[in-house]
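J.: No letters, just coordinates:
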């Protein structure tokens, strides 16, 4: 294997169901949701996007573009050398609108707006247009691996040319049609209404429908704006418990760490009684001394929700402060936080690890 | 050490054939796959021609070796047919398959099934034939489905950058091999026709109601197509270990963005220029060494102008053989990049350059014209394959003979 380089998150822009878009410290207060659907708390778009352009954009293109603009500002950057986006389901609302239109009108007099805005790479293209970036541009749509694949792509390219800066973003929107279909048929969303703040007490199948858009400026060198080091990541498809544990230990070892070095563990349990079994067990067995955080009661579940965890991890490392609304065990805050490990699962199929470290 | 990347297997299904040999024969015979949609049920069946795979879903299941009720969408089934051919042509062993990455592209995934059952799924009934397709429109779904069937666990990725998608899937696979994350990747894309994309493109007024005419002054737009194609990419160390004889080498690639308009390319083809330039540069090859260009050539007014001007500029007015094979297969959207990568490999391997059907009148803005007749004994050492798309995405692959 090639030498393991370090990468840096030099800017963050995140819009989520919590107040995150202008908050330098993650989750100092909490929004509660009672209807199983979590929707973004949005900034005043007019302060970020010009009104003519704003009118033409769907809700989630507004959210996605705003997150990218906030990230650029936070990174004190004018642009980027490449733009890589990730999504599980893309623009579900535009897709459903276009489907409704073409089916109800029997394929007659159909208008193109929802069609073109439903393309998975529409946000990547829009951000490129906004910052006039003619460099690398790609969009990954691999369910619970999409965001990690986007990060991996940026990391490999930074290994090739270490002077570049990549804007890496994720987006997924909650959508009524998807909720109606998959809520009533079971297996995805919780059947009964669960308050987001008591998600992990529910002990029932299903999760909450979440959404969010997050952008990170990823580079091979730190700046004054750096949040944390992006050390390494790993994707694992349908592992059994043994494979999950073994791969996780190897992953830490390859990065020169032991389990005890991880001060903060971010566990991507979704609140689904069955899907969470493995991840909870591995967290408890391997990391008994770490501060345990969970986040899907704050973000809801979506394919690229690990980007929300990266934001929590980045804030924890930069501010050296545990977001107490995310903590689920009673381990006291360590005197210094150097290693944050995110272990995520999406529908008990896509497992991912992301290792973040404090800037030396 | 950066690993070189070789192509050791190919597989394809399009409207001109359900495997590599059938596709090659149609290309050589000048046989297009265009006609009225028959398998896809649409009100536009008499007015909008398409390049359709003339097999029902059931016939495709049989071809892929699966049975009904396994939740395979048409997109995933087309993908499985092509992926299995690619695996067989490379002669991958069971353990080599398990140890491969699968990186697939699609622009609409299983939307064909979602549009069929959209209202049933939201109705009152709890079960029906639609139950298994409740969530197959998710674009990552087809890749997991195919990978599960093939027994791939190592890594699964899905790319969606509109019409350049599968070229980007190939680029990602190649990059992962170069960086030694993996030794082998099955990369490509799959796309079925759907009312969703048919009506979407129709609402943009870019569909030709006759046969599409790439790079022709009188071009009217594109014809949609369906299909799938995959390449087996292998690292040089893996090739050395297996003793497999590669079909071609993926010498380099380029990826850029036009950053001009969401659904139109810049008139001067800035993105196209950049991606072709990058492909040449990363391959360390001079433009004069390129023997054939498989152009994106959708036959829309916009694409052919910007791509044509960009080719003219890069090749300093003296372009090699170039053609768009979309009059044969239609525009297979996300699958186009890998479909045309397979054609490019065939051009290298069998030393032929394919004609650009339906061309008669040169564009007034261009001094170069596409190839109109098949050329045999073409002396091609390197092929450039372009794939561009909505969102400004432009990608180019450079494939070479194995020296």
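T.: Arrived safely. All figures in this text were calculated on a predicted structure; none of them were measured in a lab. Residues are numbered from 1 along each chain as shown, chains lettered A, B, ... in the order given.
J.: For the rest of this, base every contact and every neighbour count on C-alpha atoms.
T.: Noted.
J.: all strands for the stretch 251-360 of chain A, in order.
T.: Under the criterion DSSP state E, counting those that start in this stretch, strands of the stretch 251-360 of chain A are mapped to A:264-268, A:291-294, A:339-346, A:350-357.
J.: Which among the ones you listed is found nearest to chain B?
T.: Nearest to chain B, of all these, is strand A:350-357, at 9.6 Å by C-alpha to the nearest C-alpha.
J.: give me the number of residues near the closest residue to chain B within the stretch 151-300 of chain A?
T.: The minimum distance from the stretch 151-300 of chain A to chain B, using C-alpha to the nearest C-alpha, falls at residue A:181 (5.2 Å). A count of neighbours around residue A:181, defined by other C-alpha atoms under 10 Å in any protein chain shown, yields 21.
J.: next one: residue A:203
T.: Other residues lying near residue A:203 total 11 when counted by other C-alpha under 10 Å.
J.: now it, what's its secondary structure?
T.: Under DSSP: H, G, I helix; E, B strand; the rest coil, residue A:203 falls in the coil class.
J.: which residue sits closest to it, ignoring its sequence neighbours?
T.: Of all residues not flanking residue A:203 in the chain, residue A:273 sits nearest, at 5.1 Å (C-alpha to C-alpha, 6 or more residues apart in numbering or on different chains).
J.: Please look at the one you found and residue A:206 and confirm they touch.
T.: Yes: Residue A:273 is within contact range of residue A:206, at 7.4 Å (criterion: C-alpha atoms under 8 Å).
J.: Backbone dihedrals for residue B:318, please?
T.: Per-residue torsions, residue B:318: phi -110, psi 70 (degrees, to the nearest 10).
J.: Give the buried residues for stretch B:333-342.
T.: Using 16 or more other C-alpha atoms under 10 Å in any protein chain shown as the test for burial, stretch B:333-342 gives B:333-342.
J.: should've said stretch B:273-282
T.: Buried, per 16+ other C-alpha under 10 Å, within stretch B:273-282: B:273-281.
J.: For those, give me CSV that also has pLDDT.
T.: Listed next are these as CSV, based on pLDDT from 0 to 100:
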residue, pLDDT
B:273, 96
B:274, 97
B:275, 97
B:276, 98
B:277, 97
B:278, 98
B:279, 98
B:280, 98
B:281, 97
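J.: want to try JSON lines for these, with distance to chain A and secondary structure as columns?
T.: Output for the buried residues of stretch B:273-282, formatted as JSON lines (distance: C-alpha to the nearest C-alpha, whole Å; DSSP: H, G, I helix; E, B strand; the rest coil):
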{"residue": "B:273", "distance to chain A": "11", "secondary structure": "helix"}
{"residue": "B:274", "distance to chain A": "8", "secondary structure": "helix"}
{"residue": "B:275", "distance to chain A": "9", "secondary structure": "helix"}
{"residue": "B:276", "distance to chain A": "13", "secondary structure": "helix"}
{"residue": "B:277", "distance to chain A": "12", "secondary structure": "helix"}
{"residue": "B:278", "distance to chain A": "10", "secondary structure": "helix"}
{"residue": "B:279", "distance to chain A": "12", "secondary structure": "helix"}
{"residue": "B:280", "distance to chain A": "16", "secondary structure": "helix"}
{"residue": "B:281", "distance to chain A": "14", "secondary structure": "helix"}
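J.: Turn those residues into CSV, including distance to residue A:120.
T.: Below are the buried residues of stretch B:273-282 laid out as CSV (distance: C-alpha to C-alpha, whole Å):
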residue, distance to residue A:120
B:273, 24
B:274, 23
B:275, 21
B:276, 24
B:277, 26
B:278, 24
B:279, 25
B:280, 28
B:281, 29
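J.: what are the ranges of the helices in the stretch 101-250 of chain B?
T.: With DSSP state H, counting those that start in this stretch, the ranges of helices along the stretch 101-250 of chain B come out as B:111-122, B:141-150, B:165-178, B:195-203, B:236-242.
J.: Pick the most buried one from these.
T.: Comparing the helices of the stretch 101-250 of chain B by mean neighbour count (mean count of other C-alpha atoms under 10 Å in any protein chain shown), helix B:165-178 ranks first with a mean of 28.
J.: Give me every residue in the stretch 201-350 of chain A lying close to chain B.
T.: With the criterion set to C-alpha under 8 Å from any C-alpha of the partner chain, the stretch 201-350 of chain A comes near chain B through A:235-238.
J.: Now for residue 147: which residues touch it?
T.: Here I'm looking at chain A. A:85-87, A:140, A:169-170, A:304, A:306-307 (C-alpha atoms under 8 Å, 6 or more residues apart in numbering or on different chains).
J.: my bad, chain B
T.: With contacts taken as C-alpha under 8 Å, 6+ apart, residue B:147 has the following neighbours: B:102, B:153, B:156.
J.: Of the residues you listed, which are in range of chain A?
T.: Contacts with chain A within those, as defined by C-alpha under 8 Å from any C-alpha: B:153, B:156.
J.: quick one: low-confidence parts of the chain?
T.: Assuming you mean chain A. Low-confidence segments of chain A, defined by pLDDT under 70: A:1-4.
J.: think we crossed wires, I meant chain B
T.: Along chain B, segments meeting pLDDT under 70 span B:1.
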